[in-house]
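Trainee: Sequence plus predicted model, see below.
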Number of protein chains: 2
Amino acid sequence: MTKITSSEWALASRPVGMPNLSDFEMRKTDVPAPADGEIQVRNSWMSVDPYMRGRMYDRESYVPPFQIGETLQGGSVGTVVASAHPDFSEGDLVSSMAGWREAWTAAPASVGATKMPKTGLPDSALLGVAGMPGLTAYAGLLRVAGLKEGDTVFVSGAAGAVGSTVVQIAKIRNCTVIGSAGGADKCALVRELGADHVIDYKKHDSYDSLVGALKAAAPKGIDVYFDNVGGDHLQAAIEVARPIARFAVCGMISQYNATEPVPGPYNMIQVVGKQLSIRGFIVSSHVDMQPQFLKDMSDWIQSGKMKFEETVMEGIETAPEAFLGLFQGRNTGKMLVKLG
Amino acid sequence: MTKITSSEWALASRPVGMPNLSDFEMRKTDVPAPADGEIQVRNSWMSVDPYMRGRMYDRESYVPPFQIGETLQGGSVGTVVASAHPDFSEGDLVSSMAGWREAWTAAPASVGATKMPKTGLPDSALLGVAGMPGLTAYAGLLRVAGLKEGDTVFVSGAAGAVGSTVVQIAKIRNCTVIGSAGGADKCALVRELGADHVIDYKKHDSYDSLVGALKAAAPKGIDVYFDNVGGDHLQAAIEVARPIARFAVCGMISQYNATEPVPGPYNMIQVVGKQLSIRGFIVSSHVDMQPQFLKDMSDWIQSGKMKFEETVMEGIETAPEAFLGLFQGRNTGKMLVKLG
């Protein structure tokens, strides 16, 4: 049990609009040997996720805002290198919210650390398809949107960590799937994952063009919309929705860096006549689904029904760049930073 | 059994924006003695409702559009004056969609006519508190919004036929109620119906002012919003919503006469973080609740827990004026036309 050194990232300033590298600052800290009840962990992977942008605003929300000068938080996996906690042993794999750093010492509960069972999956999958983004797709589609066999499902951000999982779960449930993504490479991936129709939104730079593409893909309309982006996509989904369609609203990445209020869909009135259900959700309200999710997901991965893509940046110093990449469309599948 | 004469209203032209009296034309027709399977009915009351504006557009919707030159339709109650149908007798009270006319002869099913039980209520109540608007309030609040005891409920259009019923059902269920209405007289009524807080939206002509009034009335936020008006009210409700608040979206009267697309709420992104559920509905999807609704409503009216207000225009010739009055805020409670 020895002191180790960790590089870690703090917020240097609150971003205005699109964040800049200068909004982050890296520093080295000593990570002490664990006191009684603590564990010392070396992270092997950390996650960057779009929702983190919301925590950079100083406002009340479902998670408290990041504080200037404090080390950022986020999903990570790592290995216990020293333990003074009865439930953890050297070599255990742990998942925690102590990301944005190479190593840490803390009482497990204080950083949401849990010991991970052997799944046969690569560790990185615990931050993606078998982790929070995977559960987000699973809970959003199956519970929030109440997916039924045969539904026509539209998902935006379909090449992302959540969206690519949504595409595949919907196909496993025998649905017709329309995925939207930006650029030829991402669209090729979405098709490879099984989507019946793929819309390259970069080829549709007006709302009218986007809604035309969606109508062509779903001439009878859509039953479910899984929203990762908001904006024109949400409006197009309302326009093309069948009566009693269900929307699971997971995120609106198109607006996370907006500096002015963004108008909502211009066709909200259709919510009445079509009897639409638009439900926002956050994954932490659905952790009760975790055991069934892990079982289903392991089965699907092992039987080849579920594939997952990762975009990996190397080293703690790349973390802010990886995060910014989320808003620049640089990731296909889960964006991750490999540590150590 | 004799032929009688009826004055009735047809659409002369499709309104653009706010309808004009010149968009309607009245004519006299002969109402023949009933053929086999038909009944002949003299209407005593007809209803005008905001949703009818939607049927004046030539577009696909949940009810087919009115056709130019055809007699308009809408809720009415009347008395059978001659019957050639085994289930109907002279003197029976019937509720039907054959409004906008003084009398009619038809097969009952073709105009949605049903024989009404003796309720002890005035006939006009069957078009309001004990009719479609009442069921709209009941189904929207209890099923769509999933009202729970102790909820803080915000309802717009609170002096209208639906809204005034929402206020009272929510109070019967021990909720805190905030109602919004336009003008001192309407606000006085809403308070008299039991609302804990009343917002006169005419005193709040900016969004910021409206949201300020709502925050003052609901410092801890709202659990349920029953939307009759859309626009700024919907945005203010999102702003003030507590986590997992439920919105029943019944109508958006502020937009029915819009000639340009109207932007949706500028704070839609809060739907995610607050995990809001925004559900549109139309009453015809909830007719299975009718028996329980009628039982509850009769009990509430007889025990004095449910009051209802009517604004009555006299004579078939006033029907278009009554309809236009809905968009001019001329009704308190249910707007009705008394016939014959």
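Mentor: Now that the structure is in, tell me what you want to look at. Here the structure is a predicted model, which means the values were calculated and not measured. Numbers count the residues shown, from 1 in each chain, chains lettered A, B, ... in the order given.
Trainee: Is residue A:59 in contact with residue A:65, as I believe?
Mentor: Yes - between residue A:59 and residue A:65 there is a contact under Cβ atoms under 8 Å: 6.5 Å. C-beta: built from backbone N, CA, C; applies to glycine.
Trainee: Have a look at these two and say which one is more surrounded.
Mentor: Shown here are residue A:59 and residue A:65; by other Cβ atoms under 10 Å in any protein chain shown, residue A:65 has more neighbours (15 against 10).
Trainee: list the contacts for the residue in the stretch 151-300 of chain A positioned nearest to chain B?
Mentor: Per Cβ to the nearest Cβ, residue A:264 is where the stretch 151-300 of chain A lies closest to chain B, at 2.5 Å. By Cβ atoms under 8 Å, 6 or more residues apart in numbering or on different chains, the contact set of residue A:264 is A:234, B:235, B:263, B:264, B:265, B:266, B:267, B:268.
Trainee: Closest one to residue A:176 out of the residues you listed, please.
Mentor: Checking the contacts of residue A:264 against residue A:176 with Cβ to Cβ, the nearest one is residue A:234 at 19.9 Å.
Trainee: Going along the chain from the helix or strand containing the closest one, find the next helix or strand for me.
Mentor: Assessed by DSSP states H and E, residue A:234 sits inside helix A:231-240. On the C-terminal side of helix A:231-240, the closest following helix or strand by DSSP H and E is strand A:241-249.
Trainee: helices or strands up against that following strand?
Mentor: Contact here means 3 or more Cβ pairs under 8 Å, 6 or more residues apart in numbering or on different chains; DSSP states H and E; on that basis strand A:241-249 packs against strand A:222-227, helix A:231-240, strand A:277-280.
Trainee: Tell me which of the ones you listed is the most buried.
Mentor: Counting by mean count of other Cβ atoms under 10 Å in any protein chain shown, strand A:222-227 has the highest mean neighbour count of these, with a mean of 27.
Trainee: Quick one: residues in contact with that one.
Mentor: Residues from elsewhere that reach strand A:222-227 (Cβ under 8 Å, 6+ apart): A:137, A:140-141, A:145, A:147-148, A:151-156, A:163, A:166, A:170, A:175, A:178, A:214, A:233-234, A:237, A:240-242, A:245-252.
Trainee: ok, of these, which come out buried?
Mentor: Neighbour counting by 16 or more other Cβ atoms under 10 Å in any protein chain shown classes A:137, A:140-141, A:145, A:147, A:151-156, A:163, A:166, A:170, A:175, A:178, A:214, A:233-234, A:237, A:240-242, A:245-252 among the contacts of strand A:222-227 as buried.
Trainee: what does chain A have sitting close to chain B?
Mentor: A:54, A:61-62, A:230, A:234-235, A:243-244, A:249-252, A:255, A:261-282, A:285 (Cβ under 8 Å from any Cβ of the partner chain).
Trainee: Let me see the contact set for the closest residue to residue A:204 other than its chain neighbours.
Mentor: Leaving aside its chain neighbours, residue A:204 sits nearest to residue A:210 (4.2 Å; criterion: Cβ to Cβ, 6 or more residues apart in numbering or on different chains). Contacts of residue A:210 were listed using Cβ under 8 Å, 6+ apart, and they are A:199, A:201, A:204, A:232, A:233, A:236.
Trainee: doesn't residue A:210 fall inside a helix?
Mentor: Yes - counting by DSSP: H, G, I helix; E, B strand; the rest coil, residue A:210 is found in a helix.
Trainee: Could you chop chain A up by domain?
Mentor: Structural domains annotated on chain A: A:4-124+A:308-338, A:132-245+A:271-284, as defined by automatic domain parsing.
Trainee: Quick one: closest of those to residue B:75.
Mentor: domain A:132-245+A:271-284 (18.3 Å).
Trainee: picking that back up, just send the helices and strands packed on strand A:241-249 back as TSV, with mean pLDDT and distance to residue B:303 too.
Mentor: Shown next, in TSV, are the helices and strands packed on strand A:241-249 (pLDDT from 0 to 100; distance: least, Cβ to Cβ, whole Å):
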stretch	mean pLDDT	distance to residue B:303
strand A:222-227	98	43
helix A:231-240	97	42
strand A:277-280	98	34
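Trainee: can you give me the helices in the stretch 201-340 of chain A?
Mentor: A:207-217, A:231-240, A:270-273, A:290-302, A:319-327 (DSSP state H, counting those that start in this stretch).
Trainee: which residues does residue A:157 contact?
Mentor: A:163, A:180, A:181, A:228, A:229, A:251, A:253.
Trainee: do residue A:198 as well
Mentor: A:158, A:178, A:179, A:180, A:181, A:187, A:190, A:191.
Trainee: repeat that for 7 Å
Mentor: A:179, A:181, A:187, A:190, A:191 (Cβ atoms under 7 Å, 6 or more residues apart in numbering or on different chains).
Trainee: and what of residue A:85?
Mentor: A:37, A:38, A:39, A:108.
Trainee: Tell me which helix or strand it sits in.
Mentor: Counting by DSSP H and E, residue A:85 is part of no helix or strand.
Trainee: Residue B:4 versus that one, what's the distance?
Mentor: Residue A:85 sits 90 Å away from residue B:4, going by Cβ to Cβ, to the nearest Å.
Trainee: ditto for residue A:320
Mentor: Between residue A:320 and residue B:4 the distance, using Cβ to Cβ, works out to 82 Å.
Trainee: The two - which one has more neighbours?
Mentor: Neighbours per residue, other Cβ under 10 Å: of residue A:320 and residue B:4, the larger number sits with residue A:320, 24 against 17.
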